[in-house]
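Trainee: I would like to see how this sequence folds:
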Amino acid sequence: MDNLDNPIALREWAVAVKALEEGKQVIVLRKGGIAEETKEFKLESPSFYLFPSFEHQRPELIVPEASGMVAKTQAEALAWPGQARVTSFAEVVEDIEVTDAETLRRLEGLHIWTENYAEERLKWKKTKPLHVLILRVFKLDRPQTIPMLDSYGGCKSWISLEELSSSPMKPVLDDLAFSRQAAEVKKRIFG
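Mentor: Predicted coordinates for the structure are as follows:
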C-alpha cells in the first residue's frame, strides 16, 4: 500500500466515509471541489486515507435509510473538538468516468446519495465527467486522532495529512463480498 508514510487523504463527506467503512457501498462520486486548482477532479494517488468532512453534507441529500447517519457522524465529531479522526484507508480499484444521467441512475441503490443529488453532481461543471471511484476500503486497527488544521478545510478533494502514524489495517469486506459489489457497479455502468 502506497502513501502510508507520505499520507495523502481524500476529503469525503463523513457520512460517505461511514458507509464505506461499514461496507454499505464501495464507490464514491467525485467531480472535484470548488477550490481545486485544476477546476476538475484528478486522481492524485491510487491509495489514500479517507478524511471525513462535514461541509455540505445534509440529511436531505442522503437516501432516507441512511440519512440518520448524518447526525451520528456530526455527534461523533463533537466528541473530538479541534481534532479530526482518521479511521480508514482506501485503494482505487477502478476510476470510471460517467457523463450521462441514465448511467448514473443505474447506480441507484449502490450509494447513499439521493438520485437528485447524484445528478446535481453530474451536472455541475457540465463539460467534466463524474468520476465513479471503486474503492477497496481498509479500517485502521488504531484510529488516528490528529489536530484539525486550517489546511484540512475548504472545498477541495485532496489534503496532505501531518502527524499521522501508520497503523495495521484490515479490509472492510472480505475478497468475495468486495468482488461482488465491485462487479455489480461495473455491470450497471457497462451493462
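
Trainee: can you give me the strands for the protein?
Mentor: Counting by DSSP state E, the chain has these strands, from start to end: 8-13, 27-30, 47-53, 83-98, 130-147, 158-160, 169-171.

Trainee: quick one: the third one to strand 83-98, angle?
Mentor: So the one you mean is strand 47-53. 120 degrees (axes from the mean of the first three to the mean of the last three CA atoms, to 10 degrees).

Trainee: pull the residues that contact strand 47-53.
Mentor: For strand 47-53, contacts defined as CB atoms under 8 Å, 6 or more residues apart in numbering pick out 1-3, 7-14, 17-18, 20-21, 73, 77, 84-92, 137, 152, 158-159, 161, 164. The C-beta positions use only the backbone N, C-alpha and C, and glycine is treated the same way.

Trainee: likewise for the first one?
Mentor: Contacts to strand 8-13, defined as CB under 8 Å, 6+ apart, come from residues 20, 28, 33, 44-45, 48-54, 56-57, 86, 90, 152, 156-161.

Trainee: what strands line up against it, and which way round?
Mentor: strand 47-53 (parallel), strand 158-160 (antiparallel) (DSSP bridges).

Trainee: make a markdown table out of these and add mean pLDDT, mean neighbour count and distance to residue 121.
Mentor: Formatted as a markdown table, those follow (pLDDT from 0 to 100; neighbours: other CB atoms under 10 Å; distance: least, CB to CB, whole Å):
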| stretch | mean pLDDT | mean neighbour count | distance to residue 121 |
| --- | --- | --- | --- |
| strand 47-53 | 95 | 23 | 15 |
| strand 158-160 | 92 | 18 | 17 |
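
Trainee: quick one: the helices in the chain, in order.
Mentor: 14-21, 68-78, 101-105, 115-123, 175-190 (DSSP state H).

Trainee: residues of the least confident helix or strand in the chain by mean pLDDT that come out buried?
Mentor: In the chain, no helix or strand scores lower on mean pLDDT, DSSP states H and E than helix 68-78, which sits at a mean of 82. Residues 69-70, 73, 77 are the ones in helix 68-78 that count as buried (16 or more other CB atoms under 10 Å).
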